[in-house]
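**Q** Quick one, what's the 3D model for this:
(chains A and B)
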Amino acid sequence: NAGVMQNPRHLVRRRGQEARLRCSPMKGHSHVYWYRQLPEEGLKFMVYLQKENIIDESGMPKERFSAEFPKEGPSILRIQQVVRGDSAAYFCASSRGAGDRTLNTEAFFGQGTRLTVV
Amino acid sequence: GEDVEQSLFLSVREGDSSVINCTYTDSSSTYLYWYKQEPGAGLQLLTYIFSNMDMKQDQRLTVLLNKKDKHLSLRIADTQTGDSAIYFCAERGSYNKLIFGAGTRLAVHP
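**A** So this is what the prediction gives:
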């Protein structure tokens, strides 16, 4: 059973280009979370998606960032017109469900995509 | 609001115990987690504790939870050089999302 797969592992973009980050959740998982880790910082929640639905995007920047999780295929985090401040590691995590407050539903993390904007 | 704080650095001698501390703000958090991140890698779940527990032990790892003070700690017994990494404390938020601290960088020296 393969883990959470993210690609590419490393991505270099020039300012103004678009970045597309992909995340394939673990088999049987229909819940995906995206996090961003700026250099020397912890991970910050960006967005939570279920198949075809965005459930919580409270951590997403208001402009240039979007996410989707189509019925078929991986989840995509898209950053338009990238700027230097977007350089970070982007992690995806997947789980079977969001669970209720008394049930631990473990989220498994991918290896991350390290985006560098030059 | 939700916020998690950790000290940034810890240096220990090989064979000693390491204690990494964390404070959180959301008293309604039901689960608290410790993750390990090695250089250039993703996050590995080390252990977690449910809020109705005070302590959990798993081999060399001991987690202590003080709900009154909203304080969580991770003790690593017999610390080895392979334990050198960044350790993140996290609390569970709405929709099972995780709220992370900034991470404690553990350095183990001979």
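**Q** all strands for the chain, in order.
**A** With no chain named, the answer covers chain A. A:5-7, A:10-13, A:19-24, A:31-37, A:43-50, A:53-56, A:65-68, A:75-79, A:88-95, A:108-109, A:113-117 (DSSP state E).
**Q** Can you look at chain B instead?
**A** All strands of chain B, identified by DSSP E, fall at B:4-6, B:9-13, B:18-24, B:31-37, B:43-50, B:55-58, B:61-66, B:71-76, B:85-92, B:98-100, B:104-109.
**Q** nearest to A:Glu52, of those strands?
**A** Taking CB to CB as the criterion, strand B:98-100 is the member of these that comes nearest to A:Glu52, at 23.1 Å. Heads up, the C-betas are built off the backbone N, CA and C, glycines and all.
**Q** Grab the nearest non-local neighbour of B:Pro54.
**A** Not Pro; residue B:54 is Asp. B:Leu65 (5.7 Å; CB to CB, 6 or more residues apart in numbering or on different chains).
**Q** Report how many residues lie close to that neighbour.
**A** By the criterion of other CB atoms under 10 Å in any protein chain shown, B:Leu65 has 21 neighbours.
**Q** Equivalent analysis for B:Ser73, please.
**A** With other CB under 10 Å as criterion, B:Ser73 counts 17.
**Q** In contact with B:Gln80, which residues?
**A** B:Glu14, B:Val108 (CB atoms under 8 Å, 6 or more residues apart in numbering or on different chains).
**Q** gap between it and chain A?
**A** Distance, B:Gln80 to chain A, by CB to the nearest CB, to the nearest Å: 23 Å.
**Q** Can you give me the end-to-end span of stretch A:49-64?
**A** Using CA to CA, to the nearest Å, the end-to-end distance of stretch A:49-64 comes to 18 Å.
**Q** Establish whether the helix or strand of chain A with the lowest mean pLDDT and chain B are in contact.
**A** Least confident helix or strand of chain A, by mean pLDDT, DSSP states H and E, is strand A:108-109 with a mean of 90. Yes: against chain B, strand A:108-109 shows contacts by CB under 8 Å from any CB of the partner chain at A:Phe108, A:Phe109.
**Q** Give the residue spans of the chain that score low on pLDDT.
**A** Went with chain A since none was named. Scanning chain A for pLDDT under 70 picks out A:1, A:98-104.
**Q** Switch to chain B, please.
**A** For chain B, the ranges with pLDDT under 70 are B:1-2.
**Q** Write out the residues of it neighbouring chain A.
**A** B:4, B:28, B:30-31, B:35, B:41-45, B:48, B:50, B:88, B:93-103.
**Q** Need the buried ones from these selected in ChimeraX.
**A** ChimeraX command restricting the residues of chain B next to chain A to the buried ones, with burial defined by 16 or more other CB atoms under 10 Å in any protein chain shown:
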select /B:4,30,31,35,42,43,48,88,93,94,96,97,98,99,100,101,102,103
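**Q** how about the residues of chain A near chain B?
**A** A:31, A:33, A:35, A:41-45, A:48, A:55-56, A:91, A:93, A:95, A:97-99, A:101-102, A:104-112.
**Q** hang on, the earlier thing: reformat the strands of chain B into a markdown table and put distance to A:Ser75 next to each item.
**A** Formatted as a markdown table, those follow (distance: least, CB to CB, whole Å):
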| stretch | distance to A:Ser75 |
| --- | --- |
| strand B:4-6 | 25 |
| strand B:9-13 | 34 |
| strand B:18-24 | 28 |
| strand B:31-37 | 21 |
| strand B:43-50 | 17 |
| strand B:55-58 | 31 |
| strand B:61-66 | 31 |
| strand B:71-76 | 30 |
| strand B:85-92 | 21 |
| strand B:98-100 | 17 |
| strand B:104-109 | 30 |
